[in-house]
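Student: 3D model of this:
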Amino acid sequence: MIRTLRARLTVWYVAFFSLLLLAFSVLLHHLVARALERRLDESLTVEANTAAALLADEFKEMHGDAAVAASEVLADLRLSGSTVAFLDGSRVLGASTAIAGGKLVDIARRAADARNIVAQPEAHAAVVRQRLGGREYVTVALQPLDEIATELALLRRVMVLTLPFAIALAGIGGYWLTRRNLAPLASMAEQARRITHSNLETRLDAGAAAAEELSTLSASFNELLTRLGQSFENMRRFVGDASHELRTPISIIRGEADVALAQQRGAAEYKQALALVLDESRRLSRLVDDLLNLARADAGRVKLRVEEFYWNDLLAECCRSAQSLAGVRGVVLECAPHDDLAFRGDEELLHRMVMNLIDNAIRDTPEGGRVTVSLESRAAAVAIRIADTGAGIAPEVVPHLFERFYRGDKARSRQDGGFGLGLAIVKWIAELHNGAVEVASTPGAGSTFTVTLPR
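Tutor: Down below sits the predicted model:
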């Protein structure tokens, strides 16, 4: 079985070219045969008309003796391989010497019963009928097809001899063209084999002489390499950031345990150490849950538990849950009332999305500030808007807000217990419901996050 693309293309090219040559040869043979027969028929027609005209003249001169007139005409005719015969009914009045042989005489008699051009397997004949002296005479000019058959046989021999050479040349040329045009593909394959995880920045070069299709393939592969490079970079950064985030609570837990066990302490000191360990354990558990959810989201293994609920009830519940944090930080949390608004989606995930946005807004709003949660019903979508009166977000930070482990103010976020995963989870949950999240912020005037979900 042929396995290489070069050989397959060559075989298909040779097969197609062979069929094309064969069809052309058959067509050429047919056209040449038709042309030779047409030329023969035209020549016989001229000879038959000429002989008939001469017979009419001689018939007048011989005072109605048709046999003598036919002999005179035949004596004066100059024929080129054809035969002319004059017939009175089925009786042959006269014929050129080339009609010698009963076979041609029979052909002439059969032709006399026809009109105009007669094509028979052995010969072609032209017939002219005329009335002289009250009787009908037939002039027949005929010629065997031997000469045409000889010429066609020569044409067939030429075809049989030249076709193999033409097919062989087509095979050689097809192989050379295929190899030449597929050379950039072989070069690209060699370049691709040298690309590993350590040099993903390398790009394929199809060459200036490459075909447009190969250039498109090279560009598409380079785009794939770019996406792979970005994915590897994101994965490396994700692993590094996750390791860093996990190391901090683990170090605190281990440090507190070491200090508590270093010497005998009172119940109050053990209780304080255990409380700190408990807080860090909860923080660590929350981080692990976030990482697990994002890993499942990346793997496409999260399935929505779709059910019907009311957005106004969900937002009211979120505001009640966040009131304690807002009170501790001295922030006013307002939840704008709204009529019942039914929606179908994963209520648990959407609850978490709203809580993440409210939590971020409260943490980024200074004491005495205000956080407003509102709901807007549109024709084909629902918009959830969380606005705060905090310090706002710098323009250069906005494009990175939804990246994992990204912090606009790393020191403050770490102190408040954030991991830089909240907004990434918000974006994931919104996109999981075919929605989107947008942010509008003015430094010093606060920020507004808007989640739009199709109804």
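
Student: The chain: helices as residue ranges?
Tutor: 5-61, 66-76, 102-112, 146-193, 212-262, 267-299, 311-329, 347-363, 410-416, 422-432 (DSSP state H).

Student: Determine which of those shows the lowest mean per-residue pLDDT.
Tutor: Among those, helix 410-416 carries the lowest mean pLDDT, a mean of 47.

Student: From residue 268, how far out is residue 141?
Tutor: Distance, residue 141 to residue 268, by CB to CB, to the nearest Å: 138 Å. Where C-beta positions appear, they are placed from N, C-alpha and C, glycine not excepted.

Student: higher neighbour count, the two?
Tutor: residue 141 (28 against 8; other CB atoms under 10 Å).

Student: For the more buried one, name its beta-bridge partners.
Tutor: Beta-bridge pairing for residue 141 (DSSP bridges): residue 84, residue 126.

Student: Let me know whether it touches residue 126 as I believe.
Tutor: Yes - with contacts counted by CB atoms under 8 Å, residue 141 reaches residue 126, the gap being 4.7 Å.

Student: Need the residues touching each of the two.
Tutor: 44, 45, 47, 48 (CB atoms under 8 Å, 6 or more residues apart in numbering).

Student: mind listing what the third one touches?
Tutor: For residue 47, the set of contacting residues under the criterion of CB under 8 Å, 6+ apart consists of 77, 79, 82, 84, 126, 141.

Student: Let's see the ChimeraX selection covering just the buried ones among these.
Tutor: Buried residues among those (16 or more other CB atoms under 10 Å), as a ChimeraX selection:
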select :82,84,126,141
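
Student: Let me know the closest of the contacts of residue 47 to residue 348.
Tutor: Nearest to residue 348 among the contacts of residue 47 is residue 126, at 100.4 Å by CB to CB.

Student: does that closest one really touch residue 52, like I thought?
Tutor: No - under the criterion of CB under 8 Å, residue 126 is not in contact with residue 52, lying 9.9 Å apart.

Student: Please work out which residues outside stretch 302-315 touch it.
Tutor: 293, 296, 335, 337-351, 354, 373, 375, 382, 384, 432-433.

Student: Could you give the separation of it from the chain centroid?
Tutor: Computed by CA atoms, centre = their mean, to the nearest Å, the chain-centroid distance of stretch 302-315 equals 40 Å.

Student: now swap in stretch 129-149 and tell me
Tutor: On CA atoms, centre = their mean, the centre of stretch 129-149 falls 68 Å from that of its chain.

Student: Next: stretch 351-363.
Tutor: 44 Å.

Student: got the domain boundaries for this protein?
Tutor: Domain ranges of the chain: 5-151, 212-299, 307-454, per automatic domain parsing.

Student: Quick one: end-to-end length of the longest one, please.
Tutor: Between the start and the finish of domain 307-454 there is a gap of 15 Å, counting by CA to CA, to the nearest Å.

Student: how much space between the residue in the chain sticking out farthest from the centre and residue 88?
Tutor: Centroid-distance maximum for the chain: residue 63 at 88.7 Å, with CA atoms, centre = their mean. Note on residue 63: its distance to residue 88, by CB to CB, is 17 Å.

Student: same thing with residue 172?
Tutor: 67 Å.

Student: who has more neighbours, these two?
Tutor: Using other CB under 10 Å as the criterion, residue 172 and residue 88 rank with residue 88 on top: 17 against 12.

Student: what sits against that one?
Tutor: By CB under 8 Å, 6+ apart, residue 88 lies in contact with 66, 135, 137, 138.

Student: Try it again at 7 Å.
Tutor: 66, 135, 137 (CB atoms under 7 Å, 6 or more residues apart in numbering).

Student: Scan those and report the most crowded one.
Tutor: residue 137 (23 neighbours).

Student: Test of understanding: give the bridge partners of that residue.
Tutor: Following DSSP bridges, residue 137 is listed with bridge partners residue 130.

Student: pretty sure it is in contact with residue 86, am I right?
Tutor: Yes - the criterion here is CB atoms under 7 Å, and residue 137 meets it with residue 86 at 6.3 Å.

Student: in the stretch 351-455 of the chain, which segments are predicted with low confidence?
Tutor: Scanning the stretch 351-455 of the chain for pLDDT under 70 picks out the ranges 405-420.

Student: Now do the strands in it.
Tutor: 370-377, 381-388, 436-442, 446-454 (DSSP state E, counting those that start in this stretch).

Student: okay, the angle between the third one and helix 347-363?
Tutor: Computed by axes from the mean of the first three to the mean of the last three CA atoms, to 10 degrees, the angle separating strand 436-442 from helix 347-363 equals 10 degrees.

Student: how far is strand 436-442 from where the chain is centred?
Tutor: Worked out by CA atoms, centre = their mean, strand 436-442 lies 37 Å from the chain centre.

Student: In its sheet, which strands sit next to it, and in what direction?
Tutor: strand 446-454 (antiparallel).

Student: what's the strand it pairs with in contact with?
Tutor: 353, 357, 380-390, 392-393, 430, 433-441.

Student: so residue 377 makes contact with residue 343?
Tutor: No - here residue 377 does not reach residue 343: they are 9.8 Å apart, not a contact under CB under 7 Å.

Student: Comparing those two, which residue is more hemmed in?
Tutor: Ranked by neighbour count (other CB under 10 Å), residue 377 and residue 343 place residue 343 first, with 18 against 14.

Student: ok, now how distant is that one from residue 447?
Tutor: From residue 343 across to residue 447, the span is 25 Å (CB to CB).

Student: can you check residue 45 too?
Tutor: Residue 45 is 101 Å from residue 447, by CB to CB.

Student: ok, these two, which is more surrounded?
Tutor: residue 447 (23 against 16).

Student: Tell me what the more buried one is bridged to.
Tutor: As assigned using DSSP bridges, the partners bridged with residue 447 are residue 441.

Student: ok, the closest residue to residue 259 other than its chain neighbours - contacts?
Tutor: Among residues not flanking residue 259 along the chain, residue 273 sits closest, at 6.9 Å (CB to CB, 6 or more residues apart in numbering). For residue 273, the contact set (CB under 7 Å, 6+ apart) comprises 256, 259, 260.
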